[in-house]
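A.B. asks: pasting the sequence and the predicted model now:
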Amino acid sequence: MLSRNLKTINRNILYFTTSTSKSNKVYKNAKEAVQDIPNGSKLLVGGFGLCGIPENLISAVRDTGVKDLTVVSNNAGVDDFGLGILLKSKQIKRMISSYVGENETFESQYLKGELEVELTPQGNLAERLRAGGAGIPAFYTSTGVGTVLVEEGGFPIKYANDGSDKVEIKSEPRPTKVYNGRKYCLEESITGDYALIKAWKADTRGNLVFRNTARNFNPPMATAAKIAIAEVEEIVEAGEIKPDEVHLPGIYIQRIVKGPSFEKRIERLTVQQEKADGATSTSAKPKNEAALKRERIVRRAALEFQDGMYCNLGIGMPTLASNYIPKGIRIELQSENGLLGMGPFPKLGEHDADLINAGKETVTTIPGSSIFSSSDSFAMIRGGHVDLTILGGMQVSGNGDLANWVIPGSMVKGPGGAMDLTSSGSRVVVTMEHTSKDGKPKILEKCTLPLTGKSCVNRIITELAVFDIVNGKLELIEIADGQTVEDIKSKTGAPFTVSKNLKPLQQVEI
């Protein structure tokens, strides 16, 4: 048969076939694969931070000079790598993202009115893409209920570029509906003209295999696009990937290109440091007062772990709690970027750019770990399968409202996955310093910053005290040595009651 006359030349696989050219999905290079993308296109771009980004395709898009792009991506790279290079060349008109991260160009262009930014919770972003690829126009979710970003609307998408801070485009309020006594917001699905994604291996039919946490947003981006272009490290003949080992079927992929090289830049290389006795730790630096304060909070937070729990730990102090898991306790750490069963930081030289956590830090797996897409990750979260969430906070109100993602007009990081985690129904514990750097209380009668979630916090842990929120009211249950109840009252901006069983601030044994 003609279709079996396969010819391989210099590892480039060519088919002699009676089918149309559409069956040949392998393109010569990234330039050829993206050359027909017109101005004003909507691009869906895979990756999480810098992990699993289609770096060669992004560079090729830059070189075409195409303009006025709407780009859907969880992040926007960094200033000189990933989508950051399209921001610098001002080829992007609007970003639809969940997290700005450390990209100063992204933040600056947004605040100056040079870039439209539609921020969306990370889980909503993943599900909007998954729904778009599945032909579902919209869906209801509890994520973002009671927030200006989602339900209420009015969050700035575009500022005026005259320095006036005037808002020219605001987010629209979402329709709501009550199911079983709980309010939900209607979110519309996302589709796009082209998807630019990164996979590890492809066969000539377009079947893809991803590597470690580089899978992340890549599958849902591909399924939601009219034309999906996959950049891969290896192309093999059809049949060399076993059918039950395919992560994304070729029906979703129209073009494949083998990248000539991959920088695979690591955003936060985090490794264990060897001690003099050959043991390892994550830090060899002496601890200053601030570090000791954080350690006190983290060692108390570690006591929240119970044997068999599935836990999600936010960026910063919450993540550090995993270093102090009590003896005899086994937990499974879930990371929003698609990892269940997160291990410790790797040793230097054993790190892997394709294996990171939600904080973009290099990590390892453990026996029993599993890896999946971002849409599957947030299905676990939204479905209530995660038992415990520990997050950082900027402000918490006396009735359990949380604000931890933005300071309007000055700091824009994005909600990331926090809104999804706090609306999931799992237990939420907030770790934060009791006061701000200028001594102002962070526990308030009412949050003044935009909310992450309403009435979602169950417990607050600071270096001075532990509060439970019971029936919408604060109760002091633990107090640090050297502090009195009056001291805590003077540093807390909300009224509270004192537990009859008030205890000293507990600490996990080291």
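C.D. replies: Alright, I've got the coordinates. Numbering: from 1, shown residues only.

A.B. asks: in stretch 466-481, which residues are buried?
C.D. replies: Neighbour-count burial for stretch 466-481 flags 466, 467, 468, 469, 474, 475, 476, 477, 478, 479, 480 (criterion: 16 or more other CB atoms under 10 Å). C-beta here means a position set from N, CA and C on the backbone, and glycine is covered the same way.

A.B. asks: for residue 325, see how far away residue 345 is.
C.D. replies: Applying CB to CB, to the nearest Å, the value for residue 345 to residue 325 is 14 Å.

A.B. asks: quick one: which of the two has more around it?
C.D. replies: Legend: neighbour count by other CB atoms under 10 Å for residue 345 and residue 325, higher for residue 345 (22 against 16).

A.B. asks: re the thing from before, and which of the buried residues of stretch 466-481 is nearest to residue 191?
C.D. replies: Among the buried residues of stretch 466-481, residue 469 lies closest to residue 191 (CB to CB), at 40.2 Å.

A.B. asks: before we move on, what SS does that closest one have?
C.D. replies: strand (DSSP: H, G, I helix; E, B strand; the rest coil).

A.B. asks: which residues does it bridge with?
C.D. replies: residue 474 (DSSP bridges).

A.B. asks: so how far is residue 419 from it?
C.D. replies: Residue 469 is 18 Å from residue 419, by CB to CB.

A.B. asks: and the pLDDT for the spatially most central residue of the chain?
C.D. replies: Taking CA atoms, centre = their mean as the criterion, residue 416 is the residue nearest the geometric centre of the chain, at 5.0 Å. Here the pLDDT value assigned to residue 416 is 95.

A.B. asks: that one is in contact with residue 124, isn't it?
C.D. replies: No: using CB atoms under 8 Å, residue 416 makes no contact with residue 124, being 11.3 Å away.

A.B. asks: what do those two both touch?
C.D. replies: Residues touching both residue 416 and residue 124 comprise residue 98, with contact defined as CB atoms under 8 Å, 6 or more residues apart in numbering.

A.B. asks: which stretches of the stretch 101-250 of the chain form helices?
C.D. replies: 104-111, 122-133, 218-223 (DSSP state H, counting those that start in this stretch).

A.B. asks: could I get these as JSON lines with distance to residue 250?
C.D. replies: Converted to JSON lines, these look like this (distance: least, CB to CB, whole Å):
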{"stretch": "helix 104-111", "distance to residue 250": "33"}
{"stretch": "helix 122-133", "distance to residue 250": "14"}
{"stretch": "helix 218-223", "distance to residue 250": "10"}
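
A.B. asks: which one of those lies nearest to residue 381?
C.D. replies: helix 122-133 (6.1 Å).

A.B. asks: pull the distance from the closest one to the chain's centre.
C.D. replies: 13 Å (CA atoms, centre = their mean, to the nearest Å).

A.B. asks: hmm, back to that, so which of the helices of the stretch 101-250 of the chain comes closest to residue 495?
C.D. replies: Once the helices of the stretch 101-250 of the chain are compared by CB to CB, helix 122-133 is nearest, at 33.7 Å.

A.B. asks: mind giving me the packing neighbours of the closest one?
C.D. replies: strand 138-141, strand 182-188, helix 218-223, helix 374-382, helix 418-422 (3 or more CB pairs under 8 Å, 6 or more residues apart in numbering; DSSP states H and E).

A.B. asks: measure residue 392 to residue 233 for me?
C.D. replies: 36 Å.

A.B. asks: pull the helix or strand with minimum mean pLDDT from the protein.
C.D. replies: strand 6-9 (a mean of 36; mean pLDDT, DSSP states H and E).

A.B. asks: quickly list what residue 69 is bridged to.
C.D. replies: Bridge pairing for residue 69 - DSSP bridges - gives residue 92.

A.B. asks: now do the contacts for it.
C.D. replies: 39, 40, 41, 42, 43, 61, 86, 91, 92, 93, 94.

A.B. asks: can you pull the contacts of the closest residue in space to the third one that isn't next to it in sequence?
C.D. replies: Nearest residue to residue 41 in three dimensions, chain neighbours excluded: residue 193, at 4.6 Å (CB to CB, 6 or more residues apart in numbering). Contacts here follow CB under 8 Å, 6+ apart; on that basis residue 193 touches 37, 41, 42, 43, 225, 226, 227.

A.B. asks: please apply the same query to residue 498.
C.D. replies: Residue 498 touches 475, 476, 485, counting by CB under 8 Å, 6+ apart.

A.B. asks: change it to 6 Å
C.D. replies: Under the criterion of CB atoms under 6 Å, 6 or more residues apart in numbering, the contact list for residue 498 reads 476, 485.

A.B. asks: residues of stretch 224-238 that come out buried?
C.D. replies: Here stretch 224-238 shows 224, 225, 227, 228, 229, 230, 231, 232, 235, 236 as buried, counting by 16+ other CB under 10 Å.

A.B. asks: scratch that, stretch 123-139
C.D. replies: Those would be 123, 124, 125, 126, 127, 128, 129, 130, 131, 132, 133, 139, for stretch 123-139 by 16+ other CB under 10 Å.

A.B. asks: which residues touch the helix or strand containing residue 389?
C.D. replies: If you go by DSSP states H and E, residue 389 is part of strand 388-392. Residues outside strand 388-392 that contact it (CB under 6 Å, 6+ apart): 301, 309, 311-314, 316-318, 404, 418, 421, 426-430, 432.

A.B. asks: great, nothing more from me.
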